[in-house]
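**Q** got a predicted structure here, sequence first:
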Amino acid sequence: LKAIILAAGNGKRMKTNFPKVLHTVSGKPMLHYVIDACQNANITDITVVVGKDGEKIKAATPYDVNFVEQAEQLGTGHAVLCAKDNIDPTDKVVILYGDTPLITSDFLQNLLAFQEKNEAHGVIVATKIPDPTGYGRITTNANGDFSAIIEHKDLASHQQNINDINTGILLATGSELLYGLIRLENHNYQNEYYLTDVPKILKNSGYSVLVHNVADYTQFLGVNSQKQLEEAATALRQRIINRHFENGVQIIDSSSVYIDSTVEIAAGVTLHPGVILQGETKIGENSTIGAYSQLANSVIGKTTTIRNSVLESAIVGDHCQIGPFTYLRPGTEIGDYCRIGDFVEVKNSVIGNHTTAAHLAYIGDAEVGDRVNFGCGAITVNYNGVVKNKTIVEDDAFIGSNVNLIAPVVVHSGGFVAAGSTITDEVPQDAMAIARQRQTNKEGLAKKFKKPKKATKKSKK
Ligand code: UD1
Ligand code: CA
């Protein structure tokens, strides 16, 4: 079984200036869902028909598929004909649309089984949909057998409310598909060569064409407009959330949680309201992601709590407490049992185990060891306006509050940096570094800096 995925349409109704099939749902381009469904159904020979935006689609689609160009968009039938060199007369072909991202591999396997059981030359797929606007409708003859697919724009007024729609998917034997394709005509409202006329041509020539009915219409939601993109995304979001429920993830309010299809979450994880998990994010067992946290491409270990924080391409170990209001930027790697608290920003830094930066710190381009304490307001001064420099803080070091570590600089293990110090030189092992002006007290001078006190009225009793 081979697959042809149509992705050459102009996507005019999207009103954007990039290819329709690259619009994303739950973090992934629509076309990629269709390719994934094929590959998961063990269909390895896949041809994608692309149009004038083909180069963009190819560049954004790192899959092992063939691309064929349809130079002019003369309709879905014409698009399939452009891929005729990839149609083997002795093999079966399934034709899918790049704008129906909810299609599943289970469905594709069932479709093939249906075709094989009935030995049909062609199988079209029908479903009932609440709002059939824009879809082709399936008509039957007096015996209830398939008769034709009529495109929405070609419907007679009495046919408008047929809600048995054509999902657009066609499975056919190769030689019969070619037979139908070369006989297509474009005498219709849109003057296009409709793929959807192929089943009628086959039927009228005595080939067997069957309708495979599928109850769950959400799999076939087609995306032609921004509104339909949101509808498809909503259906997909629910599917993703249900998968995590089944895997033992607790989601306190699923209506406010957004999880990309690529995210992996272990059992026992709790997601609080407003959580957004994106890209290749992975969350380990029994961790908690607190309200309004946004994690992109980040890996969280086991039994870690993240509260109200933003993480981008960051790695956090087991048993950590992150947040509230922590910002972990790309290249952050935090070990186990760490506490990174409010208004701490970490970037491109590796932090060991049992290390704490409880509040108001900036750690950038640093290597920080185990059991280090970063005091309130301590920062790495990693940028001199020209280059970024590295800070190394070894195990068991203590960085007092409001310390500037002017990189490149090393604080060796067990080093102690006094609060308020600006450190420009290496701090030896177990040394105490203090780098600030000594305090002098001038007796009585404070009065000079204060306004004279007004005479206070005596309160009446
Ligand atoms: C199509 C079907 C309709 C079905 C619906 C399901 C046709 C004529 N109609 O309508 O019966 O109910 O899908 O979602 O097939 N494309 C090309 N080249 C072209 C035209 C389109 O590659 O010349 C591609 C598009 O990129 C898209 C797919 O084919 O991925 C479907 O085209 P679209 O214009 O969206 O068809 P619909 O009007 O949705
Ligand atoms: Ca469509």
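**A** Okay, I see it. Numbers count the residues shown, from 1 in each chain. Ligands and ions are numbered 1, 2, ... in the order given.

**Q** which positions in the stretch 201-350 of the chain make contact with ligand 2?
**A** Contact residues, the stretch 201-350 of the chain versus ligand 2 (Cβ under 5 Å from the ion): 222, 224. All C-beta spots, glycine's among them, are computed from the backbone N, C-alpha and C.

**Q** now do the helices in the stretch 201-350 of the chain.
**A** 226-246 (DSSP state H, counting those that start in this stretch).

**Q** which bits of it sit near ligand 1?
**A** Within the stretch 201-350 of the chain, the positions adjacent to ligand 1 are 222, 224 by Cβ under 6 Å from any ligand atom.

**Q** in the stretch 201-350 of the chain, what spans have low per-residue confidence?
**A** Applying pLDDT under 70 to the stretch 201-350 of the chain flags no residue at all.

**Q** and the closest residue to ligand 2 within the stretch 51-200 of the chain, what element?
**A** Nearest to ligand 2, among the residues of the stretch 51-200 of the chain, is D99, at 4.5 Å (Cβ to the ion). Per DSSP states H and E, D99 falls between elements, in no helix or strand.

**Q** ok, now the one 4 residues further on?
**A** Take DSSP H and E as the rule and I103 turns out to sit in neither a helix nor a strand.

**Q** for it, grab phi and psi.
**A** Backbone torsions of I103, given as degrees, to the nearest 10, read phi -60, psi 140.

**Q** which pLDDT value goes with it?
**A** With respect to pLDDT, I103 has a value of 97.

**Q** pull the contacting residues for the closest residue to ligand 1 within the stretch 251-400 of the chain.
**A** Using Cβ to the nearest ligand atom, the single residue of the stretch 251-400 of the chain nearest to ligand 1 is S261, 19.3 Å away. Contact analysis of S261 by Cβ atoms under 8 Å, 6 or more residues apart in numbering lists 26-28, 33, 236, 240.

**Q** give me that answer again for 7 Å
**A** By Cβ atoms under 7 Å, 6 or more residues apart in numbering, the contact set of S261 is 26-28, 236, 240.

**Q** centroid residue for the protein?
**A** Geometric centre of the chain, nearest residue: G27, 2.4 Å, by Cα atoms, centre = their mean.

**Q** quick check: closest non-adjacent residue to that residue.
**A** Spatial nearest neighbour of G27, chain neighbours left out: D260 (3.3 Å); criterion: Cβ to Cβ, 6 or more residues apart in numbering.

**Q** what does the stretch 51-200 of the chain put close to ligand 2?
**A** Residues of the stretch 51-200 of the chain lying near ligand 2 by Cβ under 5 Å from the ion: D99.

**Q** what ranges does the stretch 51-200 of the chain have for its strands?
**A** Here the stretch 51-200 of the chain has its strands, by DSSP state E, counting those that start in this stretch, at 66-69, 92-97, 122-128, 137-140, 146-150, 164-173.

**Q** among those, which comes closest to V368?
**A** strand 66-69 (47.4 Å; Cβ to Cβ).

**Q** that closest one pairs with which strands?
**A** Applying DSSP bridges to the sheet, strand 66-69 is found paired with strand 46-50 (parallel).

**Q** P130: which of the contacts of S261 is nearest?
**A** Using Cβ to Cβ, L236 comes nearest to P130 of those, at 17.4 Å.

**Q** hmm, S26 and the closest one touching each other?
**A** Yes: checked against Cβ atoms under 7 Å, the pair L236 and S26 is within contact range at 5.1 Å.

**Q** the residue nearest to the centre of the chain and Y258 touch, don't they?
**A** No: counting by Cβ under 7 Å, G27 stays clear of Y258, with 8.9 Å between them.

**Q** name whatever forms a beta bridge with I150.
**A** Applying DSSP bridges, one finds that I150 bridges with R137.

**Q** burial of the nearest residue to I322 once chain neighbours are set aside, as a residue count?
**A** Sequence neighbours aside, I306 is the residue nearest to I322 in space, at 4.5 Å (criterion: Cβ to Cβ, 6+ apart). I306 has 29 neighbours, counted by other Cβ atoms under 10 Å.
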